[in-house]
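# here's a sequence, model it:
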Amino acid sequence: MLWIADCVAVLGTQVQTVAIIWHIFELTDNTLILGLLGLFRFIPGLLFGFYGGVIADRRDRRTILIVSHIALMATSAVLWATTAADVTALWMIYGVTMVASAFNSFAGPARQAIIPGLVPREELAGASTVTNLAMQTAQIGGPALGGLIIGTLGLAAAYAVGTITFLAVIVAAVMIRVRERVATTTATGFQAVREGLGFLWAMPILLAVMALDFIATFFAASTTLMPIFARDILGMGPNGLGLLLSAPAVGAVTGSFVMSLAPMPIRPGRGIIIAILAYGLCILGFGLSSVLPLSLIFLAGSGAADAISMAMRHTIRNLVTPDQFRGRIAAAHTTFARGGPQLGEIESGILASFAGVQATVAIGGVATVLGCLTMSRLVPELLRYRADEHEPDMAGQVQHSRSRIPGDDAIAPPATRSS
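Purely as a prediction, here's the structure:
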């Protein structure tokens, strides 16, 4: 039920995202100001992201989902009301974006950490794939629906859809039942953060997975440039923007469907590297394309590669992370996953103002490929990791993480760190 509700909420969020991007584009017609949207999304995530994971490990995750989505619904309602009254200014959009990002810092870790409490351990890989498939399915219709609504009913109607769909998660979270957790953190505040950072530092494979996500999404970020591609490169309006934003999701559904049928690779780390290399090449192709069908094919390919990579990244994270750290590790993952595209939007906005949007995206594709190859050399543990190995002895790592984090006078033993 939660997956269905998340699917509905993602659909509405995608509609709202298209509305925000097109709204700013209409107000400013400026790539740099579009790129600043990423900064206002990133700052709250940086400030509250890891603390959101601490809360997810200390408090009832179902309650966190309910409260955070009520707040998200309220922020969306503000945009709905101000746009309907024709009083929306740029600072309002940025302000609401920051507040929503702050609440997402709590909703994201809770949503990810609750999944192992809903399904058995042996079904985690399938659950991750099904979750991704549901999300990506919603992301197909969301942008296209957003473009259609904006073009026919206006921006206020798009914000209204975003507001109403948050109700789905609230209702589902009230109704679901989660297995009781065996262990949780008793630490508070900074101590809990130190524990989480210590565990993460002791697991180079987790750091590598998160770093790869950041590299790909930072260099290949192009969402805020899509209005320029739609209007100036392809000669289209809001409907064209919806098509461009939907294309990656079409590929992502295909990739997730393939992953749901195929067994998880014995060495998922190698699969991640291959998928991200394919992702970078597709982004390069999109940047060089000026023809709509070809652009959609490359975007769909990038979505498929990203979905395949995501399924394997989530599986590795769930398999190597004990329950008492799931919230904080999910928060760290969310910080990397959200921070990459959000900071990348700033970078792409600045670069596009000098080099143009097509060159900016093409350069990002090349940088993604180079960054992926570099990471595979820096962290060979990722290539060696086997999903069929026995569960690692977490007890010693957990105990170790409580007393040592990067920057202490003693650090993790060489055996647990990348060479």
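# neighbours of Thr63, how many?
Burial of Thr63 is recorded as 12 neighbouring residues (other C-beta atoms under 10 Å). C-beta: built from backbone N, CA, C; applies to glycine.
# so it is in which element?
Thr63 is part of helix 61-84 when elements are defined by DSSP states H and E.
# export that helix as PDB, just CAs?
Extracted as PDB, the C-alpha positions of helix 61-84 are listed here (Å, rounded to 0.1, in the frame of the first residue of the first chain):
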ATOM      1  CA  ARG A  61       9.300   5.900  11.000                       C
ATOM      2  CA  ARG A  62       5.600   5.700  10.200                       C
ATOM      3  CA  THR A  63       4.900   8.700  12.300                       C
ATOM      4  CA  ILE A  64       7.700  10.600  10.600                       C
ATOM      5  CA  LEU A  65       6.200   9.900   7.200                       C
ATOM      6  CA  ILE A  66       2.800  11.200   8.300                       C
ATOM      7  CA  VAL A  67       4.000  14.400   9.900                       C
ATOM      8  CA  SER A  68       6.500  15.200   7.100                       C
ATOM      9  CA  HIS A  69       3.900  14.700   4.400                       C
ATOM     10  CA  ILE A  70       1.400  16.800   6.100                       C
ATOM     11  CA  ALA A  71       4.000  19.600   6.100                       C
ATOM     12  CA  LEU A  72       4.900  18.900   2.400                       C
ATOM     13  CA  MET A  73       1.200  19.200   1.500                       C
ATOM     14  CA  ALA A  74       1.100  22.500   3.300                       C
ATOM     15  CA  THR A  75       4.100  23.900   1.400                       C
ATOM     16  CA  SER A  76       2.500  22.800  -1.900                       C
ATOM     17  CA  ALA A  77      -0.800  24.500  -0.900                       C
ATOM     18  CA  VAL A  78       1.100  27.800  -0.500                       C
ATOM     19  CA  LEU A  79       2.200  27.700  -4.100                       C
ATOM     20  CA  TRP A  80      -1.300  26.800  -5.200                       C
ATOM     21  CA  ALA A  81      -2.900  29.700  -3.300                       C
ATOM     22  CA  THR A  82      -0.400  32.300  -4.300                       C
ATOM     23  CA  THR A  83      -0.400  31.300  -7.900                       C
ATOM     24  CA  ALA A  84      -4.100  31.300  -8.100                       C
END
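# show residues contacting it.
When contacts are defined by C-beta atoms under 8 Å, 6 or more residues apart in numbering, helix 61-84 is touched by residues 9, 12, 16, 19-20, 23, 55-56, 88, 92-93, 96, 99-100, 103-104, 106-107, 110-111, 113-114, 117, 155-156, 159-160, 162-163, 166-167, 169-170, 173-174, 176, 178, 327.
# ok, now with 6 Å
With contacts defined as C-beta atoms under 6 Å, 6 or more residues apart in numbering, helix 61-84 is touched by 88, 92, 96, 99-100, 103, 106-107, 110, 113-114, 155-156, 159-160, 162-163, 166, 169-170, 173, 178.
# are any of those buried, and which?
88, 96, 99-100, 103, 106-107, 110, 113-114, 155-156, 159-160, 162-163, 166, 169-170, 173 (16 or more other C-beta atoms under 10 Å).
# what about the contacts of helix 61-84, which are in helices?
Cross-referencing those against helices under DSSP state H gives 92, 96, 99-100, 103, 106-107, 110, 113-114, 155-156, 159-160, 162-163, 166, 169-170, 173.
# Val357 reaches Ala230, doesn't it?
No. The pair Val357 / Ala230 is not scored as a contact, 10.6 Å apart, by C-beta atoms under 6 Å.
# compare the two (neighbour count), which wins?
Per other C-beta under 10 Å, whichever of Val357 and Ala230 has more neighbours is Ala230, with 25 against 22.
# could you measure that one against Leu244, distance?
Computed with C-beta to C-beta, to the nearest Å, the distance linking Ala230 and Leu244 is 6 Å.
# buried ones in the one helix or strand Pro227 maps to?
Using DSSP H and E, the element containing Pro227 is helix 226-228. Neighbour-count burial for helix 226-228 flags Met226, Pro227, Ile228 (criterion: 16+ other C-beta under 10 Å).
# next one: the closest residue to the last one other than its chain neighbours, what pLDDT does it get?
When the adjacent residues along the chain are set aside, Ile228 lies closest to Val357, with 4.9 Å between them (C-beta to C-beta, 6 or more residues apart in numbering). Each residue has a pLDDT score; the one for Val357 is 93.
# ok, now His23?
Reported pLDDT for His23: 93.
# before we move on, what about Gln397?
Looking at Gln397, its pLDDT is 42.
# likewise for Ile150?
91.
# enumerate every residue touching it.
Residues near Ile150 by C-beta under 6 Å, 6+ apart: Trp22, Ala158, Pro238.
# most neighbours out of those, which is it?
Highest neighbour count within the contacts of Ile150: Ala158, with 30 neighbours (other C-beta under 10 Å).
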